[in-house]
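Q: no sequence on this one, just coordinates:
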């Protein structure tokens with residue numbers, strides 16, 4: 001049987017959720033009733049317009065109403081409130097309160113970005129990278145991510161590192177990629193920490209250093225990064241940068257597998273099939289290979305075919321029961337009823 005590890009670099013290209021104000025809401029605004037805030041907004045107070053839009057967007061002390069949110073963000077945006085321009089862009093991009101209009105989204109992101117709003121600069125980079133509302137242009141994507149990165153925005157620093165790694169919109173330069181990832185990693189950005197681990201493990205842009213790779217994988221893994229957890233498990237299994245420890249390997253594979261990481265599911269299945277770091281359990285191996293194969297892991301599919309040849313019909317049925325019951329994010333079972341049984345004299349089943 002074979003196993004895989006996920007050493008591919010990863011790329012986070014967007015921001016989730018509405019992008020709200022950098023301004024902290026002043027106490028005097030936060031304490032205002034809806035009618036008082038509306039009165040100020042109607043009188044043309046730009047901050048009041050923005051905060052009123054925020055209340056309607058979030059449904060804070062008022063029924064959520066995206067159209068009202070758009071209305072007040074628009075008024076504040078026309079008074080050059082960058083945060084309102086940013087939020088307008090987000091709502092046009094996602095069709096909230098208005099029909100989706102990617103060109104209009106780009107228009108408002110650009111207005112906020114020109115005012116040095118880092119989130120708008122980042123989003124504008126995303127739009128150019130993906131070709132949404134504008135022709136795809138990697139140079140422009142890198143340009144806007146650089147502006148945000150130079151203001152310390154970790155997500156843009158991470159994305160700019162990936163552009164240097166791949167040579168998209170900028171000359172390929174592994175050392176510059178690492179430099180930007182270091183900046184993002186220093187802000188506890190897990191994706192950048194993971195990518196640094198990959199670079200050290202592979203010796204790209206730096207001499208190969210498994211201990212340093214372990215260090216960065218661990219930082220990302222402790223923040224819940226599934227691929228970092230998988231790779232950490234691999235390094236414990238193979239004694240790279242750390243003493244070989246099958247139990248620790250299985251522990252990290254499990255953490256990644258429970259959150260839907262196909263390679264880790266395959267790897268943990270292998271550990272169960274061979275009794276490495278966990279008791280031998282062919283039923284759990286079968287279940288894990290099935291889960292990973294369903295997510296497109298080709299190694300798991302091959303391992304599944306081999307596992308089935310070792311199993312009885314009863315074991316296969318128990319494995320199918322586990323498959324029906326388990327959901328990503330839930331703890332995986334640690335033992336089966338029939339998976340450790342000696343099946344040499346029993347009739348083998350079919351999947």
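A: That came through fine. Note that this is a predicted model, so its numbers are computed, not measured.
Q: where does pLDDT dip in this structure?
A: 1-27, 341-351 (pLDDT under 70).
Q: now do the SS call for residue 122.
A: helix (DSSP: H, G, I helix; E, B strand; the rest coil).
Q: likewise for the one 4 residues further on?
A: Secondary structure assignment for residue 126 (three-state DSSP): helix.
Q: how close does it sit to residue 289?
A: In this structure, residue 126 and residue 289 are 36 Å apart, going by CB to CB, to the nearest Å. Where C-beta positions appear, they are placed from N, C-alpha and C, glycine not excepted.
Q: check which residues of the helix or strand where residue 304 lies are buried.
A: Under the criterion of DSSP states H and E, residue 304 resides in helix 298-308. Of all the residues in helix 298-308, those buried under the rule 16 or more other CB atoms under 10 Å are 299, 300, 303, 304, 307, 308.
Q: can you add distance to residue 64 and give those residues back as CSV?
A: Shown next, in CSV, are these (distance: CB to CB, whole Å):
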residue, distance to residue 64
299, 46
300, 43
303, 48
304, 46
307, 50
308, 51
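Q: show me which of these is closest to residue 36.
A: The closest of the buried residues of helix 298-308 to residue 36 turns out to be residue 300 (CB to CB; 60.3 Å).
Q: now the element after the helix holding residue 304, going C-ward?
A: The element immediately downstream of helix 298-308 (helix or strand, assigned by DSSP H and E) is helix 313-325.
Q: returning to what we had before: out of the buried residues of helix 298-308, which comes closest to residue 96?
A: Out of the buried residues of helix 298-308, the member with the shortest distance to residue 96 (by CB to CB) is residue 300, at 39.1 Å.
Q: hmm, the closest one is touching residue 289, no?
A: Yes - counting by CB atoms under 8 Å, residue 289 is a contact partner of residue 300 at 4.7 Å.
Q: who touches both of the two?
A: 265, 266, 269 (CB atoms under 8 Å, 6 or more residues apart in numbering).
Q: ok, residue 140 - contacts?
A: Contacts of residue 140 by CB under 8 Å, 6+ apart are 125, 128, 134, 169.
Q: return the set of buried residues in the helix or strand containing it.
A: If you go by DSSP H and E, residue 140 is part of helix 138-150. Within helix 138-150, the residues that count as buried by 16+ other CB under 10 Å are 138, 140, 141, 142, 143, 144, 145, 146, 147, 148, 149.
Q: quick check: the closest residue to the first one other than its chain neighbours vs residue 152, distance?
A: Distances taken as CB to CB, 6 or more residues apart in numbering put residue 169 closest to residue 138, at 3.3 Å, once the chain neighbours are dropped. Residue 169 sits 21 Å away from residue 152 when distances are taken as CB to CB.
Q: helices of the stretch 201-350 of the chain, start to end?
A: 210-221, 226-238, 246-257, 262-274, 282-294, 298-308, 313-325 (DSSP state H, counting those that start in this stretch).
Q: out of these, which comes closest to residue 70?
A: helix 226-238 (36.4 Å).
Q: give me the helices and strands touching that closest one, please.
A: helix 190-202, helix 210-221, helix 246-257, helix 262-274 (3 or more CB pairs under 8 Å, 6 or more residues apart in numbering; DSSP states H and E).
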